[in-house]
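In: missing the sequence, but the structure's below:
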């Protein structure tokens, strides 16, 4: 994860986190098309997260990590839900180039099926 300061290409010794904003599909596609200079197509399997100004983003070494939403779980405390998996991006923390995440909800049936075939109890 990165914020304004670069880590000089080194991996952090301590697990990092960053708060990013989910960007609408339309804005994300427009931003990428403008920055890349040609049409970029995003699918419903993508989630974009970052900021128009850049600065905070997932980066190299973060692939496969979660994009979480935190909601109030009432008496049980906060609840974290994995909504995306770090997948791609152009650079790190660049303006109008938010991170691209795989949308977990589009694969939930497949994930549950794979878990069941491996004998993992699935509780929804």
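Out: In hand now; what should we look at? Owing to the predicted nature of the structure, the values given are computational and were not obtained by experimental measurement.
In: Please make it C-alpha for all contacts and neighbour counts, starting now.
Out: OK.
In: remind me, longest helix of this structure?
Out: helix 25-36 (DSSP state H).
In: List the buried residues for that one?
Out: Neighbour-count burial for helix 25-36 flags 25, 28, 29, 30, 31, 32, 33, 35 (criterion: 16 or more other Cα atoms under 10 Å).
In: Tell me where this protein has helices.
Out: 25-36, 108-117.
In: In this structure, where is pLDDT below threshold?
Out: Residue ranges of the chain with pLDDT under 70: 1-10, 124.
In: Where is the longest strand in this structure?
Out: Taking DSSP state E as the criterion, the chain has its longest strand at strand 78-88.
In: helices or strands up against that strand?
Out: Counting contacts by 3 or more Cα pairs under 8 Å, 6 or more residues apart in numbering; DSSP states H and E, strand 78-88 packs against strand 66-72, strand 99-103.
In: Name the residues that touch the longest one?
Out: Around strand 66-72, the neighbours that count as contacts under Cα atoms under 8 Å, 6 or more residues apart in numbering are 78, 79, 80, 81, 82, 83, 84, 85, 86, 101.
In: follow-up on the earlier one: angle of the longest helix of the chain against strand 99-103?
Out: Here the directions of helix 25-36 and strand 99-103 differ by 140 degrees (axes from the mean of the first three to the mean of the last three Cα atoms, to 10 degrees).
In: And the contacts of helix 25-36?
Out: 39, 40, 41, 42, 47, 48, 96, 97, 98.
In: Taking the residues you listed, tell me the two that lie furthest apart.
Out: The most widely separated members of the contacts of helix 25-36, counting by Cα to Cα, are 39 and 47 (17.7 Å).
In: Between these two, tell me which one has more neighbours.
Out: Between residue 39 and residue 47, counting by other Cα atoms under 10 Å, residue 47 is the more crowded of the two (25 against 12).
In: Find me whatever residue is spatially closest to the more buried one, sequence neighbours aside.
Out: residue 101 (5.0 Å; Cα to Cα, 6 or more residues apart in numbering).
In: I'd assumed residue 82 was in contact with that neighbour.
Out: No. Residue 101 lies out of contact with residue 82 (Cα atoms under 8 Å); the separation is 10.9 Å.
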